[in-house]
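Trainee: fold the following for me, if possible:
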Amino acid sequence: MPLRSLAPDRVCVAAALATSVCALGAGLATADVFELSAGGELRGSLVERTAEGVYVVRTEDGAQVSLAKGDIARIVQVDDNLAEYRRRARSIADTADGQRELARWCKERGLAEQAELHFDRLLQLAPDDEEARVGLGYQKSGGRWMTRAEIMAKRGMILHEGKYRTPQDVALRQRDAAAGALDADWFQKLRLWRGWLDSRRPQQSAEARALFDALDDPAAVPALVRLLDKETDDWAWSLLLKTLSRFDHPDALRTLVNATLYDARAEHRELALDLLTRDGRQVPLLPFVRALKNADNKVVNRAGKALAAIGNPEAVSPLIDALVTEHKFIVQQGSSGINAGSVNGNASFSAGGEGPKIVRQPLQNAQVLKALTTLAGQHEFDYDEVAWRSWFVNEQARALASARRDE
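Mentor: Okay, here's the model as predicted:
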């Protein structure tokens with residue numbers, strides 16, 4: 001039975017009525033799709049909506065149909081360009097010129113999918129048509145037309161996550177994705193164990209400690225570092241750091257170094273330094289040598305203390321340079337005198353002047369001197385950098401002369 005002969009109370013339309021009905025009073029774009037809940041669809045434009053809630057729709061072929069409000073399930077609004085495209089597509093000649101004309105029209109109006117469809121048909125009708133080739137993304141390479149995928153494949157590139165990449169890059173991304181998934185699994189597992197440590201059941205708490213004691217998979221290190229960063233209980237932090245210290249892993253070493261230099265709690269720094277230097281571990285000097293130039297004088301002395309514990313004579317020269325370091329301080333006149341606070345959080349000192357200002361002051365570093373005398377076996381020069389440097393140069397010259405004699 002033809003749709004237009006249906007009574008209004010017998011017609012159902014499927015779509016998003018909940019999102020469309022409120023806007024219908026202001027009118028819809030031409031050639032909207034009225035999907036019928038009973039099956040099928042009706043294309044047309046809304047002529048009016050009556051007081052009884054009946055929708056009067058003019059179909060694309062000019063017929064007028066009435067639809068009851070209760071029968072409408074969803075109305076899909078269609079862009080005017082799409083409606084015009086459907087009209088043109090029905091009447092266009094299936095020739096090269098006809099397909100080219102419609103493809104251009106679609107391209108000008110941003111209908112990329114439709115334009116590609118007609119460029120493809122144009123290429124079937126005229127295999128050498130350059131406009132069709134360009135419209136479909138072909139490029140000339142070596143005198144012949146090739147798709148972008150063919151050109152990139154020729155260059156050794158493959159499509160991955162929407163972009164062409166080298167196989168090496170894809171392999172790295174896939175490896176990182178796998179590592180990320182593994183890290184997430186480990187973090188979930190370690191967080192569960194950490195929760196068990198707080199259990200009121202001694203057996204479960206003991207089981208958690210045993211699991212941390214037995215942990216030996218290097219893949220767990222990144223997750224363990226994340227867990228450590230979130231830890232607020234000192235006893236648990238110590239347990240996690242001890243677990244981490246067993247691994248010969250860059251992230252584990254970096255965490256121990258950072259805790260030694262920058263943790264605000266002295267007991268944490270002491271534990272980290274002890275774990276870092278026990279059992280003959282090879283400790284890199286570079287992070288500590290760099291820390292000798294830190295703006296915070298406290299960090300400079302922590303680096304000196306760590307270098308003494310590491311015991312590598314190669315640190316002697318940078319330690320000489322750090323015997324006395326210059327630091328910036330904010331000087332401010334208070335209500336009862338002149339006060340000064342350091343820019344980097346060091347101890348304050350008194351100075352004169354009007355209003356707040358930044359001044360520089362050299363500071364002697366006791367831990368650096370202690371490290372230097374320990375490594376050099378020399379205690380006579382105190383903070384005299386010139387004397388230390390002269391001694392060091394002489395020692396280097398003697399060592400070189402001795403090496404030449406041995407040759």
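Trainee: so how far is the helix or strand where residue 251 lies from its chain's centroid?
Mentor: Following DSSP states H and E, one finds residue 251 within helix 250-262. Distance of helix 250-262 from the chain centroid (C-alpha atoms, centre = their mean, to the nearest Å) equals 22 Å.
Trainee: contacts for it, please.
Mentor: For helix 250-262, contacts defined as C-beta atoms under 8 Å, 6 or more residues apart in numbering pick out 221-222, 224-225, 228, 241, 244-245, 268-269, 271-273, 275-276, 283-284, 287-288, 291, 299, 302-303, 306. Just so you know, the C-beta spots here come from the backbone N, C-alpha and C atoms, and that holds for glycine as well.
Trainee: list the buried residues in it.
Mentor: 251, 252, 253, 255, 256, 257, 259, 260, 261, 262 (16 or more other C-beta atoms under 10 Å).
Trainee: repeat for stretch 224-244
Mentor: Neighbour-count burial for stretch 224-244 [16+ other C-beta under 10 Å]: 224, 225, 227, 228, 236, 237, 238, 239, 240, 241, 243, 244.
Trainee: where does the closest residue to residue 308 other than its chain neighbours land in three-state SS?
Mentor: Distance criterion C-beta to C-beta, 6 or more residues apart in numbering; nearest residue to residue 308, sequence neighbours excluded, is residue 371 at 3.6 Å. Three-state assignment for residue 371 (DSSP: H, G, I helix; E, B strand; the rest coil): helix.
Trainee: isn't residue 371 up against residue 307?
Mentor: Yes. With contact defined as C-beta atoms under 8 Å, residue 371 reaches residue 307; the gap is 4.9 Å.
Trainee: phi first, then psi, for the residue nearest to residue 311 when sequence neighbours are not counted.
Mentor: Leaving out its chain neighbours, the residue that sits closest to residue 311 by C-beta to C-beta, 6+ apart is residue 375, at 6.9 Å. Torsion angles at residue 375 (phi, psi; degrees, to the nearest 10) stand at phi -80, psi -30.
Trainee: pull the number of nearby residues for residue 375.
Mentor: Residues lying near residue 375 (other C-beta atoms under 10 Å) number 18.
Trainee: how far away is it from residue 290?
Mentor: 18 Å (C-beta to C-beta, to the nearest Å).
Trainee: for residue 374, same thing?
Mentor: Residue 374 is 20 Å from residue 290, by C-beta to C-beta.
Trainee: likewise for residue 122?
Mentor: 65 Å.
Trainee: tell me which of those two has more neighbours.
Mentor: Between residue 122 and residue 290, counted using other C-beta under 10 Å, residue 122 has the larger neighbour count: 25 against 12.
Trainee: secondary structure element holding the more buried one?
Mentor: helix 112-125.
Trainee: for the lengthiest strand in the chain, name the packing helices and strands.
Mentor: Among the segments of the chain that qualify as a strand by DSSP state E, the longest is strand 324-334. Judged by 3 or more C-beta pairs under 8 Å, 6 or more residues apart in numbering; DSSP states H and E, strand 324-334 is in contact with helix 297-310, strand 337-342, strand 357-364.
Trainee: could you redo the last one with a cut-off of 6 Å?
Mentor: Applying 3 or more C-beta pairs under 6 Å, 6 or more residues apart in numbering; DSSP states H and E, we find strand 324-334 packed against strand 337-342, strand 357-364.
Trainee: can you tell me which of those strands the model trusts least?
Mentor: Mean pLDDT values for the helices and strands packed on strand 324-334 show the minimum at strand 337-342, a mean of 46.
Trainee: ok so, going back, what's the closest of the buried residues of stretch 224-244 to residue 127?
Mentor: Nearest to residue 127 out of those is residue 225 (C-beta to C-beta; 60.5 Å).
Trainee: what is the mean pLDDT for whichever helix or strand that closest one is part of?
Mentor: When elements are assigned from DSSP H and E, residue 225 belongs to helix 221-230. The average pLDDT within helix 221-230 is 94.
Trainee: what angle do the next helix or strand along the chain from that helix and helix 221-230 make?
Mentor: Counting by DSSP H and E, the element after helix 221-230 in chain order, helix or strand, is helix 234-245. Per axes from the mean of the first three to the mean of the last three C-alpha atoms, to 10 degrees, the angle that helix 234-245 makes with helix 221-230 is 160 degrees.
Trainee: show me what helix 234-245 is packed up against.
Mentor: Going by 3+ C-beta pairs under 6 Å, 6+ apart, helix 234-245 lies up against no helix or strand.
Trainee: state the mean pLDDT of that helix.
Mentor: Summarised as a single mean, pLDDT over helix 234-245 is 96.
Trainee: neighbouring contacts of that helix?
Mentor: 212, 215, 224, 228, 231, 252, 271, 275 (C-beta atoms under 6 Å, 6 or more residues apart in numbering).
Trainee: quick check: the farthest pair among those residues?
Mentor: 215 and 271 (18.2 Å).
Trainee: contacts for the helix or strand where residue 404 lies, please.
Mentor: Assigned by DSSP H and E, residue 404 falls within helix 385-406. Residues outside helix 385-406 that contact it (C-beta under 6 Å, 6+ apart) are 320, 323, 381.
Trainee: now the residues you listed: which count as buried?
Mentor: 320, 323, 381.
Trainee: let me have those in JSON lines, adding pLDDT as columns.
Mentor: Shown next, in JSON lines, are the buried ones among the contacts of helix 385-406 (pLDDT from 0 to 100):
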{"residue": "320", "pLDDT": "96"}
{"residue": "323", "pLDDT": "96"}
{"residue": "381", "pLDDT": "92"}
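Trainee: report the angle between the longest helix along the chain and helix 234-245.
Mentor: The residue-count maximum for a helix in the chain (DSSP state H) belongs to helix 167-197. Between helix 167-197 and helix 234-245, the angle comes out at 140 degrees (the same axes, to 10 degrees).
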